[in-house]
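Engineer: Next come a sequence and a model predicted from it.
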Amino acid sequence: MAKLIKKRSKKAGLPPGTLVHIGEKRAGEIKITLIDYDEVNFQEREIKMVEECFPFREKPTITWINVEGVHRVEVVGRLGHCFGLHPLVLEDILNTDQRPKMEIYGDYIYIVLKMLYGGINHPIEGEQVSLILGSNFVVSFQEGKEGDVFNPLRERIRSGKGLIRKMGSDHLAYSLIDTIVDNYFLILENLGEKIEILEEELMVHPTTETLQEIQRFKNEMIFLRRVVWPLREVVSGLGRKESSLIKETTEIYLRDVYDHTIQVMDTIEVYREMLSGMLDIYLSSVSNRLNSVMKVLTIIATIFMPLTFIAGIYGMNFKYMPELEWRWGYPAVWLIVVIIGILMLIYFKRKKWL
Amino acid sequence: MAKLIKKRSKKAGLPPGTLVHIGEKRAGEIKITLIDYDEVNFQEREIKMVEECFPFREKPTITWINVEGVHRVEVVGRLGHCFGLHPLVLEDILNTDQRPKMEIYGDYIYIVLKMLYGGINHPIEGEQVSLILGSNFVVSFQEGKEGDVFNPLRERIRSGKGLIRKMGSDHLAYSLIDTIVDNYFLILENLGEKIEILEEELMVHPTTETLQEIQRFKNEMIFLRRVVWPLREVVSGLGRKESSLIKETTEIYLRDVYDHTIQVMDTIEVYREMLSGMLDIYLSSVSNRLNSVMKVLTIIATIFMPLTFIAGIYGMNFKYMPELEWRWGYPAVWLIVVIIGILMLIYFKRKKWL
Amino acid sequence: MAKLIKKRSKKAGLPPGTLVHIGEKRAGEIKITLIDYDEVNFQEREIKMVEECFPFREKPTITWINVEGVHRVEVVGRLGHCFGLHPLVLEDILNTDQRPKMEIYGDYIYIVLKMLYGGINHPIEGEQVSLILGSNFVVSFQEGKEGDVFNPLRERIRSGKGLIRKMGSDHLAYSLIDTIVDNYFLILENLGEKIEILEEELMVHPTTETLQEIQRFKNEMIFLRRVVWPLREVVSGLGRKESSLIKETTEIYLRDVYDHTIQVMDTIEVYREMLSGMLDIYLSSVSNRLNSVMKVLTIIATIFMPLTFIAGIYGMNFKYMPELEWRWGYPAVWLIVVIIGILMLIYFKRKKWL
Amino acid sequence: MAKLIKKRSKKAGLPPGTLVHIGEKRAGEIKITLIDYDEVNFQEREIKMVEECFPFREKPTITWINVEGVHRVEVVGRLGHCFGLHPLVLEDILNTDQRPKMEIYGDYIYIVLKMLYGGINHPIEGEQVSLILGSNFVVSFQEGKEGDVFNPLRERIRSGKGLIRKMGSDHLAYSLIDTIVDNYFLILENLGEKIEILEEELMVHPTTETLQEIQRFKNEMIFLRRVVWPLREVVSGLGRKESSLIKETTEIYLRDVYDHTIQVMDTIEVYREMLSGMLDIYLSSVSNRLNSVMKVLTIIATIFMPLTFIAGIYGMNFKYMPELEWRWGYPAVWLIVVIIGILMLIYFKRKKWL
Amino acid sequence: MAKLIKKRSKKAGLPPGTLVHIGEKRAGEIKITLIDYDEVNFQEREIKMVEECFPFREKPTITWINVEGVHRVEVVGRLGHCFGLHPLVLEDILNTDQRPKMEIYGDYIYIVLKMLYGGINHPIEGEQVSLILGSNFVVSFQEGKEGDVFNPLRERIRSGKGLIRKMGSDHLAYSLIDTIVDNYFLILENLGEKIEILEEELMVHPTTETLQEIQRFKNEMIFLRRVVWPLREVVSGLGRKESSLIKETTEIYLRDVYDHTIQVMDTIEVYREMLSGMLDIYLSSVSNRLNSVMKVLTIIATIFMPLTFIAGIYGMNFKYMPELEWRWGYPAVWLIVVIIGILMLIYFKRKKWL
C-alpha cells in the first residue's frame, strides 16, 4: 500500500509554494544530463553545476535537460528559478505524490506523469516524471530510483535517425510521453502473463494463496488505473491546441499517444473484470470442495451407522435372544451387512454422489 | 486470453511511424485483389506486384484493393507510399491490436474495425480490418487468417445488382462496414444458442464445468464489448459529415449501421446480465446441494445414534441388570427401536426434510 | 430467450434495402383496415387490394391504414412504394427485431415501438409496431400475432368523442403511441402482483422453484427495459419540434406520454431492485436452513456420543471391573446418562440453539 | 408494495384528458379552505361551493385555496375550469400516482410533489400534493388521507410574522414546497434511529427477522429515492427563471430548498450504503455461526469416536485377548481414554477452536 | 452514525431565515479573534463585544475575524447584520449540518466546508467552517469543538513570511481552504495506516471484530466522501471567475487546491476498493475455515466408523462365531484395524486433505 499513499502530511500548514521533497528518502547526488541538438549539431554532457544549463535557455537549438533525483531541493529550486517556473510548479515537481496532470503557464507547459517499473517477479512501482516544455527546451525531472526508459530515445537523437532532430521541443516532449506510455504495454503484458498463470492454477488447485494473489493483482489494477486514467486528460488536453507551444504537426502524434492511453485503460478494465471472474470461481470452488468433503462424510456415516447399530443389537446381553442360538445367525448378519452396504452404494450412485 | 492482449511491447522505444508487424506470426505471401468498377465497367484481378495498383489511383472509376495479410511489412509500406498514407496510419495497419477507430486525414479517412469468426464449436476470434477511404478508392487490409465475409458483397458488385455500382467509394466503404456488422449478428446468434443450452444444463445438472463455461462466455462478452463499443463512435463519427468524402446519400445508410451497432451492444449487455443471473443460480444450486447432503447425514445420524446408544446400554456387562432377565426384554428393545425410528421420520416429515 | 434475439443473420450479406421478413414464420393473409375521417366524415373498411389505399394519399382527410402482419413482403413493398418510403424503412418494418427508434425523413416520420402482451399466467411477449406519420395519414404495421390494443381508440374515432376527430395526423400518431404506453401499465401491474405473491412465498417456504421464478422475472425485466428505455428518446425526439409534421398543440400531449414512459422505466427499476433484494433473502434463507440442519445434527451427536461411549465402557469384557459387580452400578449409569443429557440441553439452551 | 404501484391501468384506452381518480378509494366530502391575504388584510374560510372561489381569481390579493381530497372528480373539474387549467393537468391532479414534476403553462405553473407521513412505528407513506401557481393565487390539492404539515405555515400567515405576507404567490408556493421538504428531514431522522437500533441488534443477536427488517428498510429507501430524486429537477427547474411567475427575490429561497433536497438525497444514499453493509454483516454472521456449530460437532466427534472405538475393542468376545485378564487392564483403558481426551483438547486449543 | 445525521427537524415549520442553532448543544462563550493586516501593519486581538469588529469593515486593510462557536445565536446575528449577510446565510452558518457549498452574493461570497479531526485512536469527526469572503475581510465561523488547524497560518501572517501579507482577502480565504484540505491528507494517512494494520490482521487471524472494523472503516469512507465530494465543486466554482472578489493571481492557487481535492477523492476511492477487497477475503477465509473444520471431522469419522463397526461385529454374542475361537483372532483384528487406518490416511493424503 505504501505506493498508494505517500507522507504528504508534512506539508500541512506550510505556505503554498514552499519547496519540500515528498517521497522516498534518498541520499546521494542528483544526476543532470544535457542534450542539445538541432538538425545538424548535437552535444551531450553531464552537468555538475546547475548554472551550466543557463546559457542554453537562449540558444535556438533544442535543449533537453534531464534531472535524475528531486530530493535535493535547492538544486531543483535554482533550475526552476533559471527557467522562470512558478513556485507552485516547483512544489509539485518535488512532491512525488502528484496525479498525472497538465498545466499551461504563459511560456511553458508543465506535465506530470508516472513512469512504471516492475519485472515478472516484482510488484509494479511508479516513479514520477515531470516535464517542462518551453519553446526551445524540455526539462524532465525523474525520481531517479531505477534508471529510466529513455535510452532508446537518446540513441535515436544521437544517431539522428527518424524525425526527431528535425522537429521542435514539442516533438521531444511528445517522444518522452510516448516512450513512457509504450512502456506501459510491457508492464501490462507481464501482468497479463502472470494473471494467465494464476488462472490456470485456479482451475487446477486453488489455495488461499491463490486468493491473496488475485487480491494483490486487483490492488495493482487500482494502482494502474489511478496512474493511467488522468493521463488521458493530459494527452487530450495537450492535443486541444490551447497553447502555441504545441505545433500542428505534433497533434497527429499526440492523437496516437491518446489512442494508446485508451488501449491501456481498456486492457486494465479487461484485467479487472477477469480478476472479478476469477474471484467468483475461487469462491465457488471453495464451496464445491466443501460439498465433496461433506459427501464423503455423509456416505461413510450413512453406510456404517446402520451397520454398527445392527452389530450393537447382537452385542446385547439379553437372556432370551433366539437369533444368538441360531446356527447361521452370524453369517446371516454378515449377509445383511453386505446387502445394506450395497444398497447404500447404489443409492448414492443414483444421487450422483459417487 | 491470448486474443485480448497482443505482444505490443516489441515496439517500445522505436520511433513513431516505424513499420513493425504486431500480431500472429504468419508465413506465406500476401494476397492482393483489385476490383475496379463504375456503373458500366467492371474488372477484377489478382495483383502480383504492388505497383500494378498505382495507375488506378488516378482513374475516375471506383477501385477496391483488398489486401489479405499484413505480415509483409514492405508490401504494405509500398502501397501506403503510393496512396500517400501517413506513417502513423501504416504503423496502425500493421499493428493488429488496434481498437476500432476512425481518423480523418486530408484526402482520405482511415477506419479500423474487427471482423469476427467463430462457429458453434470454436471460440470467437477477431481479425483486424483496416479501411482507407479515398475519393475514388477503398483499400482494405485484413490479417488473412481465415478468409473473409466479403464474398456476397463481391458478388453484388460483379452482378451489378442493387445500388452499389451506381454509388461512390463512400458507399463501398459503408458496404464493407455493414457486411462486417451484419456478421456480428450471426456470431451473437450462435453464442445465444450456446448460452441457452448452458442454461438448460444449469437447471438440470450443474457441474464445475458449467461454471467454467459461464465464466468463459463472460470473457467472450468482455472481448465482444471491447470490439463493438468503440465501433459505435466510429460509425457515428462517419455520419457526422466532418469530411467531404462522405456524401449525403450515404449518411442514411450509416445511420442504419449505427442502429445495428446499438442493437449488437444491447444484445451483448443482455447476454452479460443473463450470464450473471446464471452465476447466481449456479452458486445457490451448490448451496442447495450441500443442504440436501447435510439433511441425509443428519437424518441418518439422528435416527441411528439414539438406537445405537440403546443397543449399547443392553450390551453392558453389569451383574445386576433386571431387564436382561426379562422374558420379553429383547422384543421390547426392538419395539422401542421401531417406535423411535418412526417418530423421527414423522418429525423430519414435519420439518419438510423428506 | 427466444424473444430476446431473433434470427437476424439470414440478412447477412444481402444488399441494404433488400426486403426480407425477419421474425416468427406465419402463414395466412395480411389484414389491412382503413379508417378515413375528418371532423364531419368517417368511413372504415377492410382493404383487399393494396391499391385501394392509394387514392387516400391525396385526400385532405386523415387516413389511418392499419396493416396486421408483415410476413407478406410484396404487400408491404407495394404499400411502401405508394407512400414513397425509403427502402431502408421498408427493410426495418419487415425486420421485427428492431429497437424502438424514430427517424425523420423529408415528408414522413418513421417510428418503431413494441406492443406488449402477457396475461397473469403467460410470459410477456412483444410485437413490433411501425408507424409512418405523414401530413394527412398514418400507416401502422403490426406483426398481427394476437390482435391489438387499439380497439378503444378505434371506438373513439368512430363515435367522434374527444378531440381526436378535430386534430391532425400527428394527434392520431400520438394516440397510437399513448395507447401502447398505457398498456404497459397493465403489464406492469400484472407483473407487480406476481412479484408480490412470489415475495410472500419466499418468506414462508422458499424452494428452488422460487429462485428460478425470481430469475425468470429478472429476465422479464431485462426484456422490458430493452423495450422501454429507447422509447424515451423516441418520444422526447418527437416533442423536440424537429419536423413540421408535429404541430405545437400535440407537443403538450407528447410531454404527457414522455412522463408515462419515465414512470414505466422507474417502475421497472423498482422491480429490479426488489428482485435483487429477494435473491439476497433467498440465498440467506438457504444458509439459514443449512444452519438449522447442522444444529440438529450437532445436538444429537453431542448428546449421544458421550453416552454411547459410557455404554461402550461398561460393555468391555475386562475380568477386573469393580463397577460391574456393584449392586447399584446399572442404575448409576442411567443416572449419569440422564444428568449428562440434561446438562447438554441446558448448554444448548444457553447457546440459543434450541 | 402497494404504495409503489397504483392501479393506473383503468385509464388504458381512455382519451387523454379524461378525468378519472386513480388512488385509494375514499368516501366523504372534499374539504376546501381558502386563505386570502396581502400585507394588511387577511381572511380565512372554509368553502362549501366551489363557485365561492371564483371571485378571488381577479382580486389583486394573494389567494391560497387548499383542497383536501381529490376523489370527487367533478369538484376538481369545476375548480380547474374556473382557473383555466389544461385537461391534462386536471388528469394529473386526479392521478395520485404521479412522479414529482413541474410544468410551465402560459399563465400558471403546475407542480407535483409528495408529502410524507410515517411515525416511529409505521411504514412511510406518501400523499400526492399538486400545486397550481398563478400570478396571484396558489391552489394546492392533497389526497387528504391524514391531514397535512402546513399548519405552521398557516399560523405564520395568520400572525403576519416573517416575510410571507409581504411577498407574492411565488413565495407562498415556495413556502409550501419548503414545508414539505423540511418534513422529509423528520422522516429521515426517524428512519435513521430505527436503522441505528437495527444495527445494534445485528451486532448482538441477528435473526431472520433482522434480515427481513433490513430488506424492508431497503425497500423504504427505494420508495424515498423515487419520491425525492425527481424533486431535485423540479426545484432547480423553478429556479431557472423560465417563467415570469417566479420573481428574482424568490430564487435565492429556491436555491435553499434545492440544497435541502440534495441533502435529503445524500442522506438516503448514506442509508442505502449502510443497509448494504448491514446485509454483508448479517450474511457473514450466519456463516460464522455455522462455523461455530460445526466446531462443536467436530470437537465432540473427534474426541469420542476414538474413545468409543477403544471401548468397542475391549467389548469383543475373542477367546484369547490377554489384556482382558490383566489386573490393571480396566484402569489402563481409563488412563488411555483420559490421555487421548486431554491431547485432543490441547490440539483444539492450539487450532484456536476453543 | 450520530455524525451523519443531525437533528435538523426542529426547524421544520419555521419561516425561512429563522436563526436556530442546529448541532451539538454547547455551553460557554463564543471566542472571537480579529487579525487585521496589510503589507506593513499587523494587529491581533480578542474581541469581547461584537461591535468592536464593525469599524474594520470600512478599513482598507485585510481583516480576518474568526468566530469559534456558533451556538450563541444572537452574537452570530449581530455580526451578520453588521456585514450585511442575507438571513438565509446566517441560517446556514448556524446549521452545522450543511453540505459543503459556495454561494455568490452581490458583495460577498459564502463558503461552507468541513474541518476534520481524528487521531490514530479516535473516529474521524467533522466540524463545520463557514467563510464569508468580502472585498477586504474574511469572517470564519467554526463550531469550536476542538480548536482548529489554522495556527500555522496565523503564525505566517504574524511573521509576514510568504506572500500572504502582500495579497488580498481572496488569498486569505484560499489559505484557509488550503489549510483545511491539507489537513485531510493527515487524516487519510492515519486512516491508511490503520487499514494497513487491519489488512495484516486479516491475513493472520481474522475474527468477527475484523469484519466489524472493516465495516466501520467503510462507514468512515462514506462520511469522508460526503464531506469531500461537494468540495470539488466549491473550489472549481471559486476558480471559475464568476465573482470579481477572486482576483486572477489567486486562481492558480485555487487550481492547486482543486488538484488536492481530487487527490483526496482518489485516495478515498482507493481505500473503498481496498476495503471491499478485504471484505471478500474475510468472507472467503470464513468459508475456508469451515472447510478445514469439516475436513477434520470427515477424516476422523471416516477412519473410526468402519473400525468401530468391526469392533462391534466381534462384540456380538452369537453362539457360533468361529473367529472368536481362533488363536490369532484378536491380533488379526488389530492388524485389520491398522491396515484400514493406514489406507484411509493414504487416501486423504492423495486428496490433499492432510
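Structural biologist: Noted; the coordinates are in hand. Residues are numbered from 1 along each chain as shown, chains lettered A, B, ... in the order given.

Engineer: make it CA atoms for all contacts and neighbour counts henceforth
Structural biologist: Noted.

Engineer: Any part of the helix ranked longest in chain A near chain B?
Structural biologist: When chain A is scanned for its longest helix (criterion: DSSP state H), the result is helix A:248-313. Yes - judged by C-alpha under 8 Å from any C-alpha of the partner chain, helix A:248-313 comes into contact with chain B at A:253, A:256, A:259, A:263, A:266-267, A:270, A:273-274, A:277, A:281, A:284, A:287-288, A:291, A:294-295, A:298-299, A:301-302, A:305-306, A:308-309, A:312-313.

Engineer: ok, of the residues you listed, which come out buried?
Structural biologist: Taking 16 or more other C-alpha atoms under 10 Å in any protein chain shown as the criterion, what is buried in the residues of helix A:248-313 next to chain B is A:253, A:256, A:259, A:263, A:267, A:270, A:273-274, A:277, A:281, A:284, A:287-288, A:291, A:294-295, A:298-299, A:301-302, A:305-306, A:308-309, A:312-313.

Engineer: What about chain E: which of the residues you listed touch it?
Structural biologist: Checking these against chain E (C-alpha under 8 Å from any C-alpha), the matches are A:287, A:294, A:301, A:305, A:308, A:312, A:313.

Engineer: got those as TSV, with pLDDT and distance to chain D columns?
Structural biologist: Shown next, in TSV, are these (pLDDT from 0 to 100; distance: C-alpha to the nearest C-alpha, whole Å):
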residue	pLDDT	distance to chain D
A:287	85	12
A:294	87	12
A:301	89	12
A:305	90	12
A:308	91	11
A:312	91	10
A:313	91	13
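
Engineer: For residue A:232, which residues are in contact?
Structural biologist: Applying C-alpha atoms under 8 Å, 6 or more residues apart in numbering or on different chains to residue A:232 gives the contacts A:258, A:261, A:262.

Engineer: ok now do the closest residue to residue A:137 other than its chain neighbours, which residues does it touch?
Structural biologist: Counting by C-alpha to C-alpha, 6 or more residues apart in numbering or on different chains, the nearest residue to residue A:137 once its immediate chain neighbours are dropped is residue A:63, at 4.6 Å. Residues near residue A:63 by C-alpha under 8 Å, 6+ apart: A:34, A:35, A:36, A:37, A:56, A:57, A:136, A:137, A:138, A:169.

Engineer: How is chain A divided into domains?
Structural biologist: Domain assignment for chain A by automatic domain parsing gives A:18-283, A:291-350.

Engineer: State the number of residues packed around the residue of the stretch 251-354 of chain A found nearest chain D.
Structural biologist: In the stretch 251-354 of chain A, the residue that lies nearest chain D is residue A:315 (8.7 Å; C-alpha to the nearest C-alpha). Residues within reach of residue A:315, counting by other C-alpha atoms under 10 Å in any protein chain shown, total 27.

Engineer: Likewise for residue A:342?
Structural biologist: By other C-alpha under 10 Å, neighbour count at residue A:342 equals 13.

Engineer: anything in whichever strand or helix holds it near chain B?
Structural biologist: Assigned by DSSP states H and E, residue A:342 falls within helix A:329-350. No - using C-alpha under 8 Å from any C-alpha, helix A:329-350 stays clear of chain B, with a minimum separation of 10.5 Å.

Engineer: So which elements touch that helix?
Structural biologist: helix A:248-313 (3 or more C-alpha pairs under 8 Å, 6 or more residues apart in numbering or on different chains; DSSP states H and E).

Engineer: Which residues does the helix or strand following the helix it packs on contact?
Structural biologist: The helix or strand immediately downstream of helix A:248-313 is helix A:322-325, counting by DSSP H and E. Outside helix A:322-325, the residues that touch it by C-alpha under 8 Å, 6+ apart are A:314, A:329, E:317, E:318, E:319, E:320.

Engineer: quick one on the thing from earlier: Three-state assignment for the residue nearest to residue A:137, please.
Structural biologist: Here residue A:63 is recorded as strand under DSSP: H, G, I helix; E, B strand; the rest coil.

Engineer: now it: how far from residue C:348?
Structural biologist: In this view, residue A:63 and residue C:348 are 82 Å apart by C-alpha to C-alpha, to the nearest Å.
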